[in-house]
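# Structure for this input, please:
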Amino acid sequence: MKIFKKLSFLHLKKDKRSNFKKLLKKRVFPKIQKLYASIGPREKYIVGLLALIIFGSALAIGVQLYLSNTKAQPKEGGEYREALIGLPRFLNPALSTTNDVDRDLTQLLYSSLVKYDQNGNIIPDLAETFEILDEGKEYRFTLKRNLFWEDGKPLTAQDVLFTIQLIQNSQYSSSLYQSWQGVNVSIENENIIVFKLSNAYPPFLENATVGILPSHIWEKVTAQNFTLSELNLRPIGSGPFKVEKFTRDNSGLTSSYTLQKNDNYHGKKPYLDRITFKFYPTEEDAIRAYNSKAVDAISFVSSANIALLKNTKSLNLHEFKIPRIFSIFFNSDAHEELKTKTIRQALNYATNKTQIIEEVLGGFGQVAKTPIPPNLSAYYHNSLETLDYDLAKARTLLSENGWEDVNKDGIREKTDKDGLNPQKLSFTLVTANRTELKKVAELIQNQWKEAGILLNVTTMEFGELQQVLIRPRSYQMLLFGTILSAIPDPYPFWHSSQINDSGLNFAKYSNNDVDKLLEKTRREINDATRIEQYKELQNLIVQDAPAIFLYDPFYIYPVHKAVQGIQASFIVDTSHRFVDIENWYIETKRVF
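Numbers count the residues shown, from 1 in each chain. Predicted coordinates for the structure are as follows:
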């Protein structure tokens, strides 16, 4: 009966609508037409204009009401295109750490026990929970249930065990080999993995951010073929995206990779359907690709090249803080004057770091004064008395060490005991052949000239610089960048055991007190105590002046405004700009 009444009501409404239309057609429209025909051209123009205004106003009011009563929300769909500088080699977390492009892609293709969030904190990923036991010497991870690889096979603790044991095996030539030595790994069941260390090491938790390999795929590959396997280019992972296809150019080099959403991903599914990476040899080439609208973003642009970007009104320059320092490292074995502490201090006083930030970085960075980056604010000793720019003090120290501008050519000299054989105060600095670093070196060259110091600058491509000069420590001064983790461990950069090629002590620095403090601090599990020890460490190193700590640059990430949802503020590595990739979106919908 109720249904019958509803149908009758609808029928009645339909009849009324029909009668209204007939009324309009027979009586109203003819009168309007007759009235319109009776007026002149000028009046018709005015009537038409008024009608247009009324229609436009009604439309604008309708749009405004719609926009004010709805809000845009992300929806699934869209393809994001990014220019990367370099070429992929190993889309394999056991091999990817030395190549920026490889790290970028593996960040999206693989999952790990734990990961970084957008503020640089470590949070669970494949792990549901984790515990730190036995005074920091045991790490216990419980995996989430129902984890799967992109091919649908289950992901278990056996895959974690396989990955770590592979990295620990020197025959596989993993770039992570050293960081996993002395770690015992075992599984209790398919969901629990346990790591035991011989000594407490708080930064170990960051080791657990390594991507996990599928044992059912890689166990068939021998150690001899590990770096040669096609799986390094066609990986199987468990990350938010998976490889859809890749292309090569006429010379056989990889020109692009397209990733698609992984439906088996255990976390929040991304809004983006696809990500396409295109590869370019230089930063300038990547910028040209953006300017021609071939890509939506560039993996990185140096502050020196920001001016080359076009269409900046449609661009967001995302600034990420990163724990990285660029410094000038002194090699006292290569220049006699660098053995003298007051000379090293004079070089610090002669360096105007603020000018570097303003004129080279365009304000995209902050002054560094110690070996701990200022972006690691909890550890940074910001109240330390440091060797800040003071040209008068630099000149005084140089004069006290016998360096005077005798011939008035602007460069200081020193003679032998008999007042003969004057030698100019000159040094040679080497750095990578990159626009920003060359500009920094040239500016310092001019600053030091004001103090009477001649600085010669040599640049090399990064690979050549690494092999020819850095590894054998064949330089007087090196302008170079170093990066720490969110839980810092400066041991590799300042302990005397790291002076030679296998280490990263670029200043060949040796101080027994610093060595002891580094050894003690890297095992300290109490955060407050460790922070105080690191502050003391900074004090000792700054007093010795084995380097000039210049600046901590921001990581500049240019992305078209159509790509939204990027929220990261602090990243430990450049590839971690994708830590919140699941929240990025292009397509939107409006909801009330």
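
# all contacts plus neighbour counts: C-alpha atoms, from now on.
Will do.

# show me the contacts for E190.
E190 makes contacts with 156-158, as judged by Cα atoms under 8 Å, 6 or more residues apart in numbering.

# can you redo the residues you listed as a markdown table with distance to Q178, pLDDT and secondary structure?
Putting the contacts of E190 into a markdown table (distance: Cα to Cα, whole Å; pLDDT from 0 to 100; DSSP: H, G, I helix; E, B strand; the rest coil) gives the following:
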| residue | distance to Q178 | pLDDT | secondary structure |
| --- | --- | --- | --- |
| T156 | 25 | 96 | coil |
| A157 | 22 | 96 | helix |
| Q158 | 22 | 96 | helix |
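
# Quick check: of those, which lies closest to T529?
T529 has its nearest neighbour among these in A157, at 34.2 Å by Cα to Cα.

# Look up how far R140 lies from that closest one.
Taking Cα to Cα, to the nearest Å as the measure, A157 and R140 are separated by 11 Å.

# follow-up on the earlier one: which member of the contacts of E190 is positioned nearest T386?
Using Cα to Cα, the shortest approach to T386 within those belongs to A157, at 48.8 Å.

# what's the longest helix in the protein?
Ranked by residue count and defined by DSSP state H, the top helix of the chain is helix 41-68.

# in stretch 331-344, what counts as buried?
Across stretch 331-344, burial judged by 16 or more other Cα atoms under 10 Å covers 331-332, 337-338, 342-344.

# Check what contacts that stretch and list those residues.
If you take Cα under 8 Å, 6+ apart as the criterion, stretch 331-344 is touched by 330, 397-398, 401, 427, 473-477, 506-508, 544-547.

# Need the buried ones from those selected in ChimeraX.
A single ChimeraX command suffices to select whichever of the contacts of stretch 331-344 are buried according to 16+ other Cα under 10 Å:
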select :330,397,398,427,473,475,476,477,506,507,508,545,546,547
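
# Just the ones of the contacts of stretch 331-344 in strands?
Of the contacts of stretch 331-344, the ones assigned to strands by DSSP state E are 330, 427, 477, 547.

# export these to CSV and tack on pLDDT?
Below are these laid out as CSV (pLDDT from 0 to 100):
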residue, pLDDT
F330, 98
F427, 97
M477, 98
A547, 98
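
# how about these, which pair is most distant?
F427 and A547 (14.0 Å).

# Of the contacts of E190, just say which sits nearest to Y265.
Nearest to Y265 among the contacts of E190: T156, at 14.2 Å, using Cα to Cα.

# So P30, which state does it fall into?
At P30 the chain is in helix, as set by DSSP: H, G, I helix; E, B strand; the rest coil.

# same thing with E358?
helix.

# Give me the number of neighbouring residues for it.
E358: 13 surrounding residues under other Cα atoms under 10 Å.

# repeat for the one 3 residues further on
Here the count is done by other Cα under 10 Å, and L361 has 23 residues near it.

# Against H318, how distant is it?
Relative to H318, L361 is positioned 15 Å away (Cα to Cα).

# Same question for P41.
Separation of P41 from H318 (Cα to Cα): 58 Å.

# Please say which of those two ends up with more neighbours.
A direct count of neighbours by other Cα under 10 Å for P41 and H318 places H318 higher, at 18 against 11.

# wouldn't that one be in contact with I556 here?
Yes. Between H318 and I556 there is a contact at 5.8 Å, judged by Cα atoms under 8 Å.

# How about F506: what's its closest non-neighbour residue?
Closest residue to F506 apart from its sequence neighbours, by Cα to Cα, 6 or more residues apart in numbering: F329 at 6.2 Å.

# do the same with V468
What sits nearest to V468 in space, not counting adjacent residues and going by Cα to Cα, 6+ apart, is S474, at 7.6 Å.

# gap between the one you found and Y491?
Going from S474 to Y491 by Cα to Cα gives 22 Å.

# what about the helices in the stretch 401-550 of the chain?
Secondary structure of the stretch 401-550 of the chain by DSSP state H, counting those that start in this stretch: the helices cover 435-450, 462-465, 491-494, 512-521, 527-544.

# For Y389, find the nearest of those.
Of all those, helix 435-450 sits nearest to Y389, with 10.3 Å by Cα to Cα.

# The closest one: which residues count as buried?
436-441, 443-445, 447-450.

# just stretch 392-409 next, same as before
Of all the residues in stretch 392-409, those buried under the rule 16+ other Cα under 10 Å are 394-395, 397-398, 403-405.

# do the same with stretch 84-101
Counting neighbours by 16+ other Cα under 10 Å, one finds that the buried residues in stretch 84-101 are 84-97, 100-101.

# Next, the contact list for the closest residue to V563 other than its chain neighbours, please.
What sits nearest to V563 in space, not counting adjacent residues and going by Cα to Cα, 6+ apart, is I586, at 5.0 Å. The neighbourhood of I586, defined by Cα under 8 Å, 6+ apart, consists of 74-75, 77-80, 272, 562-564.

# now do 7 Å
Contacts for I586 (Cα atoms under 7 Å, 6 or more residues apart in numbering) come out as 78, 562-564.

# Using CSV, lay out those residues together with secondary structure.
Listed next are the contacts of I586 as CSV, based on three-state DSSP:
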residue, secondary structure
G78, coil
A562, coil
V563, coil
Q564, strand
